[in-house]
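Student: The following comprises the amino acid sequence and a computationally predicted model.
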Amino acid sequence: MTEVLPAPHCPPTPPDAAPPCLIVIFGARGDLTHRLLIPALLDLAREGLLAKDTRILGVDHHEEDDESFRNAVLAACHDNKSNGARDFLRSRLFYQRGDFTAAATFDAIARHLPEPCPDARAESRPDAETEKKSCGNAIFYLATAPRFFETIIDLLSQAGLLREEDGHFRRIIIEKPFGRDLASAQALNKAILRVAAETQIYRIDHYLGKETVQNIMVLRFANFMFEPIWDRSHIDAVEITAAETVGVEGRGRFYDTAGALRDMVPNHMFQLLSMIGMEPPNSFDAEAIRTEKAKVLEAVRPYSPQEAMANAVRGQYGAGTIAGAAQRAYRADASVDAASETETFVALTLWIDNWRWQGVPFLIRTGKALAARRTEAVIHFRKAPGVLFRHIPACDLSPGRLILKIQPDEGLSLRFVIKHPGRQIVLTDAEMQFFYANAFKSRPSTGYETLLYDCLTGDPTLFQRADHVEAGWAVVQPFLDGFADPALGRLSPLEIYAAGSQGPSGAAALAARCGHLWHELA
Ligand code: BG6
């Protein structure tokens, strides 16, 4: 257990409320809005981080009015302590019925943009002019199926809604999946950048909103003890896992056309890989950080589809038991094709060909219906030379290991070798742990609070730039090509694993090929 010193080095100054803004959510009656966006907005309201002139306009094709929309989206947020925040949000929620592909919907949205703000009408107020300008601010949140992205952005542009004039901003937040492969991601970027500037685009990856993912940079660059040994001379392998116990649970309509590789690797897994692998940026400036992250992905060794198959394992869960409860096979889910060949697990070995990482395997695995829910990165250090201890019977020094625990038990753990108490020199392992939940009272957030606030305040650091997205797809493309090719695909066949297990046995063999054992999921 570790103790956190009560006073932070630099006491945080409370953040300012975001500027007034109309937040337009396309897909307002969808799952994402209910489960994540409205709760995140409620959290921001509770923290006093939304301006009083904030308004949220839900757009969807359902027959609905403002009142029924408010009732529907707030119904799921039960929290007695936030009644004030609920009232704040309720009075700022509005609904616009509309077809995402019809110009009339966008004309209707335009009518919701106030000019000037109610408070700014009192021209005698010293800040009235600034408020009046920022009142035209708008964020367009695309929480829709990806097939609508291009059309919505085109129609926003045609309606003049993307023009940034009179000091106000117009920003677009795009949810994943951003493309299905390299070509579609490039085409989507091209289409968007024809009508909007890169500075207006906020490509979201909710992993970047996670406290522990942001902590990777602080851990590496604010401590002298890690960065000097963060390289090929001291690190033997890096293992990145995102394991879930949940199965597809009715999401098959989307998931069965995507699979674990598309769903998790070019986005969430590569955010972790970039944070772990990046060079120190020159500053905390968004572009400096995003440039270093993109460079890591650009340095990943390009595989041919054949090489990719030799470095990939894919699996699909069969029936099994997870935490004592029976889990049906993936193919038995009503939302999935009964003969589906879609992978629910994938493991890859990647190499980053640069001075820092040459020769260090990056082992990546992600899957559903596994033995434990755990997202983590394990840094395996090299073994110390055993010369001093070679006389000790069966002495095999364990290598040191640092685990960056992303979720659910956010924190760190560091394993090292110590002397077992007694008259003889006997070696044993010790593990030091730090958990955010023990050290701080803050509750883990969904990540969307941070990301929405950052977009409102114009900080793109935690969003993906076009080149990062494309570099991620470029790494994944040979795996997609190999899986799609019947002859090559046979080199990495789909293996059925029992739900609640460690995943396909091939994953253990993949790690063993570079001398490794995955950290057990338990
Ligand atoms: C989503 C994927 O982006 O991330 C889901 O589409 C996955 O399939 C989810 O379950 C995992 O997110 P988290 O925050 O629970 O790790």
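Tutor: Cool, the structure landed. Numbers count the residues shown, from 1 in each chain.
Student: which stretches of the stretch 401-522 of the chain form helices?
Tutor: Applying DSSP state H, counting those that start in this stretch to the stretch 401-522 of the chain gives helices spanning 436-439, 448-457, 466-484, 486-489, 505-513.
Student: Out of those, which gets nearest to the ligand?
Tutor: Set against the ligand and scored by C-beta to the nearest ligand atom, these come closest in helix 448-457, at 10.1 Å. Bear in mind the C-beta positions are built from the backbone N, C-alpha and C, glycine included.
Student: Which single residue in the stretch 201-350 of the chain comes nearest to the ligand?
Tutor: Asp263 (4.8 Å).
Student: gap between the helix or strand hosting that residue and the chain center?
Tutor: Asp263 belongs to helix 252-264 when elements are defined using DSSP states H and E. Centroid separation for helix 252-264 versus its chain: 15 Å, with C-alpha atoms, centre = their mean, to the nearest Å.
Student: Who are the packing partners of that helix?
Tutor: In terms of contacts (3 or more C-beta pairs under 8 Å, 6 or more residues apart in numbering; DSSP states H and E), helix 252-264 is packed against strand 345-351, strand 361-367, helix 466-484.
Student: Please tabulate those in JSON lines and include distance to Ser91, mean neighbour count and mean pLDDT as additional columns.
Tutor: Listed next are these as JSON lines, based on distance: least, C-beta to C-beta, whole Å; neighbours: other C-beta atoms under 10 Å; pLDDT from 0 to 100:
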{"stretch": "strand 345-351", "distance to Ser91": "46", "mean neighbour count": "24", "mean pLDDT": "98"}
{"stretch": "strand 361-367", "distance to Ser91": "41", "mean neighbour count": "24", "mean pLDDT": "98"}
{"stretch": "helix 466-484", "distance to Ser91": "37", "mean neighbour count": "22", "mean pLDDT": "97"}
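Student: now the ones you listed as a markdown table including distance to Thr13?
Tutor: Below are the helices and strands packed on helix 252-264 laid out as a markdown table (distance: least, C-beta to C-beta, whole Å):
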| stretch | distance to Thr13 |
| --- | --- |
| strand 345-351 | 40 |
| strand 361-367 | 37 |
| helix 466-484 | 30 |
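Student: next structured bit after the helix or strand harbouring Phe94?
Tutor: Using DSSP H and E, Phe94 maps to strand 93-97. Using DSSP H and E, the helix or strand that follows strand 93-97 in sequence is helix 103-110.
Student: now that following helix, how far from the chain's geometric center?
Tutor: That offset, for helix 103-110, works out to 31 Å (C-alpha atoms, centre = their mean).
Student: Stretch 479-492 too?
Tutor: Worked out by C-alpha atoms, centre = their mean, stretch 479-492 lies 27 Å from the chain centre.
Student: Return the distance of whichever residue of the stretch 51-200 of the chain sits closest to the ligand relative to Asp285.
Tutor: Residue nearest to the ligand within the stretch 51-200 of the chain (C-beta to the nearest ligand atom): Lys176, separated by 5.9 Å. As judged by C-beta to C-beta, to the nearest Å, Lys176 and Asp285 stand 25 Å apart.
Student: Neighbour count: these two, which is higher?
Tutor: Taking neighbours as other C-beta atoms under 10 Å, Lys176 and Asp285 compare with Lys176 leading, 20 against 11.
Student: Touching, that one and Val265? I think so.
Tutor: No. Contact criterion C-beta atoms under 8 Å: Lys176 and Val265 do not qualify, at 11.5 Å.
Student: Contacts for stretch 176-185 next, please.
Tutor: Identification of contacts with stretch 176-185 by C-beta atoms under 8 Å, 6 or more residues apart in numbering yields 146, 186-188, 203-205, 258, 262-263, 267, 464, 469-470, 473-474, 476-477, 480.
Student: 6 Å - rerun?
Tutor: With C-beta atoms under 6 Å, 6 or more residues apart in numbering as the test, stretch 176-185 has contacts from Pro146, Leu188, Arg203, Asn267, Val469, Glu470, Trp473, Ala474, Gln477, Leu480.
Student: now do stretch 405-423
Tutor: Residues contacting stretch 405-423 (C-beta under 6 Å, 6+ apart): 212, 373, 375-376, 400-403, 426-436.
Student: Repeat that for stretch 88-103.
Tutor: Under C-beta under 6 Å, 6+ apart, the answer for stretch 88-103 is 26, 42, 45, 54-59, 61, 64, 66, 69-70, 105, 108, 148, 151-152.
Student: how about that stretch as PDB, C-alpha atoms only?
Tutor: The C-alpha trace of stretch 88-103 is given here as PDB (Å, rounded to 0.1, in the frame of the first residue of the first chain):
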ATOM      1  CA  PHE A  88     -30.200  23.000 -14.300                       C
ATOM      2  CA  LEU A  89     -29.900  20.500 -17.100                       C
ATOM      3  CA  ARG A  90     -33.700  19.900 -17.400                       C
ATOM      4  CA  SER A  91     -34.400  23.500 -18.200                       C
ATOM      5  CA  ARG A  92     -31.700  23.500 -20.800                       C
ATOM      6  CA  LEU A  93     -32.700  20.400 -22.700                       C
ATOM      7  CA  PHE A  94     -34.600  20.700 -26.000                       C
ATOM      8  CA  TYR A  95     -35.600  18.300 -28.700                       C
ATOM      9  CA  GLN A  96     -35.800  18.600 -32.500                       C
ATOM     10  CA  ARG A  97     -37.300  15.800 -34.500                       C
ATOM     11  CA  GLY A  98     -35.500  15.400 -37.800                       C
ATOM     12  CA  ASP A  99     -34.000  13.200 -40.400                       C
ATOM     13  CA  PHE A 100     -30.200  13.400 -40.400                       C
ATOM     14  CA  THR A 101     -30.200  13.400 -44.200                       C
ATOM     15  CA  ALA A 102     -32.700  16.200 -44.800                       C
ATOM     16  CA  ALA A 103     -31.700  19.900 -45.200                       C
END
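Student: Show me which positions of that stretch end up buried.
Tutor: Within stretch 88-103, the residues that count as buried by 16 or more other C-beta atoms under 10 Å are Phe88, Leu89, Arg90, Arg92, Leu93, Phe94, Tyr95, Gln96, Arg97, Gly98, Phe100.
Student: So what's the residue count around the residue of the stretch 201-350 of the chain closest to the ligand?
Tutor: By other C-beta under 10 Å, 21 other residues sit near Asp263.
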